[in-house]
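> Mind folding the following:
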Amino acid sequence: MRMSAPTLLRRLHALRAVYGGDAASRKLDLLAQLDRHAFGSPRALTSYHEALCWLRAYPDDARVLRRVERALARFGDRPDLRRHAGALANSGVAGTPIRDRFFSPVARWLADRWPERLTMDWDAFEHTDELENLLPLVATYSESTALDDLDLTPREWIDAMRGRESDGAFVARRLHALPMDAFAREKIYDRLDPTLTLAWGRGGPSRTHAKAAGFTPAFRAGPLRTQRPRLPDAIVDPPRAIVPVDRRRGRALIDLAREAMVTRSRDLDAFSYGDPADVRLIDCGGGLVFACIGVVPERRLMLETVYAFLTLKGGVPIGYVLVSGLFGSSEVAYNVFETFRGGEAGYVYGRVLAATRALLATDAFTVFPYQLGDGNDEAIESGAWWFYQKLGFRPRDPKLLALMRAELARMRARPAHRSSDATLSRLATDNVYYFMRGARDDVLGVVPTGEIGLAVTRYLARRFGSDRATAPAACAADAAALCGVRSFAGWTRGERLWFERWSPLMLALPGVAHWSRGERAALAAVARAKGGRRESDYAARLDAHPRLRAALLRLATS
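Numbers count the residues shown, from 1 in each chain. Sure thing, here's the model as predicted:
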């Protein structure tokens, strides 16, 4: 008896995470039948798509992978997809448009990659007056007579100016080209906050075709690793290898990461400002690889070291991680894309912490409140706080510890008890921590890093007042003399930039003039490393300078 498409879909989803025995043959049979069906609703078509994406990342064998790859390769050409394309906007499915208020660097990247497909959604644009005020900056001075005398709307002006270029690409590119600091241009664009639509076309970003080249699939013959990892063992089990890639492959992996975010209406600065010169592959075995992406020197943070991981399974993006490190501690923001939840999330998280330790010599980990559910309904619904608690993370706040113990007592007394949303929201108001070598206070989430910045502000205010324009060069000269830097010959642009950026902080450090010559030379090396090729080198140099670390902590607590 021939089964209906809904029945086939239910069976495929029930079977997709089952491996071993005759599971592969049963999946092949279901896939063959589903491939002949036209789906009558966007929901059903999306359900089929998600099952295919799961099986591409977690295939049973080469037969299953070949069939899945064929189905996904022609997914955008399906007649039922064309019928439902409008309803599937922003789904990331091939053949459908993407509409969003992209941040400035993403809008510029889209304009450079697919300029003919990027259009303004004028009906959703809320800042027409502000764009009108900017038109004299967008135009050349030779056009000023028309701007002064003609009563055209901003949309009509953009249409007149753009020629054969799409209006979305024109706006993104012209605002990026304004003759001002890059940070100022970004502020202007993000304040305008235009909604752009990226029309579908061959080679465009999609979840359907997202897969990195050059990765060997890992076939599964047995069950998924769904058990919760034991962190003391997982963290000290190093990755198989950490391998740098060349700029060309680094750029391709950054593009894949950006596409993974764009097709899910997400954004991550570390991907938007990814540095092709600082991309490494962290191989964890079994087809699990993190594409570890550093940030271009211009966009690095003042104190913390930041890396983003694109989590790949057999080359398929299944999630992402944001890691920031300081003083041997790391904040880790862990995300699994919706399609791949309910699989090996706990196991992968253990590998994330091991990779972070290998990269930044971390021995203390923290999770910030948003990841736990503070202002994040998705995290509340998933019970994210208890995910971390069961792994061994704990809050430091005594009141939250007491609330946690009270909830645990309720669960012991009544195993069916589940924490209410209100309780989860209270628990999520502060960081949770995991310490490998005992609790300490000099960690992210505890150290008031903003106070370090305020100390620099006070130093600059005393010395320069409103004349901030002269401060960088003057401070850099004084810091060079202090640290014995006689020449910047041989330094890269990024290294010179960060020595200048760090120089006011270097001069504000308490007692720095009394440090030994070697300690001051090492201070200059820390500042230089901040702008070097790999930001992880900066983290290592900072951790190896105990006097600098102590001075920064004094600024933070003074």
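> What distance do you get for residue 2 to residue 154?
When Cβ to Cβ, to the nearest Å is applied, the distance between residue 2 and residue 154 equals 57 Å. Heads up, the C-betas are built off the backbone N, CA and C, glycines and all.
> Looking at those two, which is more packed in?
A direct count of neighbours by other Cβ atoms under 10 Å for residue 2 and residue 154 places residue 154 higher, at 21 against 7.
> surely that one meets residue 127?
No: counting by Cβ atoms under 8 Å, residue 154 does not reach residue 127; the two are 9.5 Å apart.
> which non-adjacent residue is nearest residue 226?
Leaving aside its sequence neighbours, residue 226 sits nearest to residue 344 (Cβ to Cβ, 6 or more residues apart in numbering; 6.5 Å).
> To clarify, my last question referred to residue 355.
Counting by Cβ to Cβ, 6+ apart, residue 282 is the residue found nearest to residue 355 once chain neighbours are left out, at 4.7 Å.
> center of the protein - which residue?
Nearest residue to the geometric centre of the chain (Cα atoms, centre = their mean): residue 268, 3.8 Å.
> pLDDT at that residue, what is it?
pLDDT, residue 268: 96.
> cool, residue 343 as well?
83.
> and after the helix or strand containing residue 187, which helix or strand comes next?
In this structure, residue 187 sits in helix 182-192 according to DSSP states H and E. Once helix 182-192 ends, the next helix or strand along the chain (criterion: DSSP H and E) is strand 196-198.
> Quickly find the element holding residue 54.
Here residue 54, judged by DSSP H and E, is contained in helix 42-57.
> Report the buried residues of the helix or strand following that helix.
Counting by DSSP H and E, the next helix or strand C-terminal to helix 42-57 is helix 62-73. Buried residues in helix 62-73, counted by 16 or more other Cβ atoms under 10 Å: 64-65, 67-69, 71-72.
> packing partners for the helix or strand just after helix 62-73?
The helix or strand immediately downstream of helix 62-73 is helix 79-84, counting by DSSP H and E. Based on contacts counted as 3 or more Cβ pairs under 8 Å, 6 or more residues apart in numbering; DSSP states H and E, the elements that helix 79-84 packs against are helix 42-57.
> Residues in contact with the helix it packs on: which ones?
5-6, 9, 12-13, 16-17, 27, 31, 34, 39, 64-65, 68-69, 71-72, 75, 78, 80-81, 84, 87-88, 91, 93, 207-208, 211, 313-314, 316, 318, 339-340, 343 (Cβ atoms under 8 Å, 6 or more residues apart in numbering).
> Can I get the buried ones among those as something I can paste into PyMOL?
Those of the contacts of helix 42-57 that count as buried under 16+ other Cβ under 10 Å are selected in PyMOL with:
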select buried, resi 5+9+12+16+17+27+31+34+39+64+65+68+69+71+72+75+78+80+81+84+88+91+93+207+208+211+313+314+316+318+339+340+343
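> Quick check: end-to-end length of stretch 74-86?
18 Å (Cα to Cα, to the nearest Å).
> Just give me how far it sits from the chain centre.
Taking the mean of its C-alpha atoms, stretch 74-86 sits 30 Å from the chain's own mean (Cα atoms, centre = their mean, to the nearest Å).
> Residues in contact with it: which ones?
Taking Cβ under 8 Å, 6+ apart as the rule, stretch 74-86 contacts 38-42, 45, 49, 52, 88, 93-97, 200, 206, 208.
> Compute the inter-axis angle for the helix holding residue 54 and helix 62-73.
140 degrees (axes from the mean of the first three to the mean of the last three Cα atoms, to 10 degrees).
> next one: stretch 214-222 to chain centre, how far?
25 Å.
> Please point out which parts of that stretch sit buried.
In stretch 214-222, counting by 16+ other Cβ under 10 Å, buried: 215, 217-220.
> could you point out which element follows the helix or strand hosting residue 144?
If you go by DSSP H and E, residue 144 is part of helix 144-149. The helix or strand immediately downstream of helix 144-149 is helix 154-162, counting by DSSP H and E.
> Mind exporting the C-alpha coordinates of that next one to CSV?
The C-alpha trace of helix 154-162 is given here as CSV (Å, rounded to 0.1, in the frame of the first residue of the first chain):
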residue,chain,number,x,y,z
PRO,A,154,14.9,59.7,-1.5
ARG,A,155,13.8,56.6,-3.4
GLU,A,156,13.6,58.6,-6.6
TRP,A,157,17.0,60.1,-5.9
ILE,A,158,18.5,56.7,-5.4
ASP,A,159,16.9,55.4,-8.6
ALA,A,160,18.3,58.4,-10.5
MET,A,161,21.8,57.9,-9.0
ARG,A,162,22.2,54.1,-9.2
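> about what we covered before: which one of the buried residues of helix 62-73 sits closest to residue 328?
residue 65 (41.2 Å; Cβ to Cβ).
> And residue 425, how close does it get to residue 379?
10 Å.
> Common neighbours of those two, please.
Common neighbours of residue 425 and residue 379 (Cβ under 8 Å, 6+ apart) are residue 373.
> Break this structure into its domains for me.
Following automatic domain parsing, the chain resolves into domains at 5-84, 98-198, 231-435, 449-557.
> how about low-confidence regions in the stretch 401-550 of the chain?
Across the stretch 401-550 of the chain, nothing is flagged by pLDDT under 70.
> does residue 308 really touch residue 273, like I thought?
No: using Cβ under 8 Å, residue 308 makes no contact with residue 273, being 9.7 Å away.
> This structure: strands as residue ranges?
98-100, 118-120, 196-198, 241-244, 274-283, 288-295, 305-313, 316-326, 329-336, 364-367, 394-395, 432-435 (DSSP state E).
> who wins for proximity to residue 150 among the ones you listed?
Closest approach to residue 150 among the strands of the chain (Cβ to Cβ): strand 118-120, 20.3 Å.
> Outside of the closest one itself, list whatever touches it.
107, 110-111, 155, 158, 166-169, 171-172, 194-199.
> Residue 538: neighbour count?
By the criterion of other Cβ under 10 Å, residue 538 has 22 neighbours.
> no, scratch that, I was asking about residue 94
26.
> thinking it is in contact with residue 210, fair?
No: in this structure residue 94 lies outside contact range of residue 210 using Cβ under 8 Å: 9.7 Å.
> returning to that earlier point: give me the contact list for the helix holding residue 187.
Counting by Cβ under 8 Å, 6+ apart, 103-105, 107, 127, 130-131, 134, 172, 175-176, 178, 298 sit against helix 182-192.
> from the chain's centre, how far out does that helix sit?
20 Å.
> If we go by neighbour counts, what in it is buried?
For helix 182-192, the neighbour count (16+ other Cβ under 10 Å) marks 185-186, 188-190, 192 as buried.
> Ok, stretch 201-214 next?
204-212.
> Then stretch 275-288?
Neighbour-count burial for stretch 275-288 [16+ other Cβ under 10 Å]: 275-284, 287-288.
> Find the nearest non-adjacent residue to residue 258, please.
residue 271 (5.3 Å).
> Give me the pLDDT for the one you found.
98.
> Hmm, it is touching residue 257, no?
Yes: the pair residue 271 / residue 257 is scored as a contact, 4.3 Å apart, by Cβ under 8 Å.
> sorry, back to before: pLDDT for the buried residues of stretch 201-214 - can I get that in CSV?
Conversion of these to CSV gives the following (pLDDT from 0 to 100):
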residue, pLDDT
204, 93
205, 96
206, 97
207, 97
208, 97
209, 97
210, 97
211, 97
212, 96
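> Just flag the most distant two among the residues you listed.
204 and 212 (16.8 Å).
> mind listing what residue 330 touches?
323-324, 356, 360, 362, 364-366, 444.
> mind redoing it with 10 Å?
304-305, 307, 323-324, 352-353, 356-357, 359-366, 443-444, 539 (Cβ atoms under 10 Å, 6 or more residues apart in numbering).
> quick one: the closest residue to residue 131 other than its chain neighbours and residue 490, what's the gap?
Once flanking residues are discounted, residue 131 sits nearest to residue 154: 4.6 Å by Cβ to Cβ, 6+ apart. Between residue 154 and residue 490 the computed distance is 49 Å (Cβ to Cβ).
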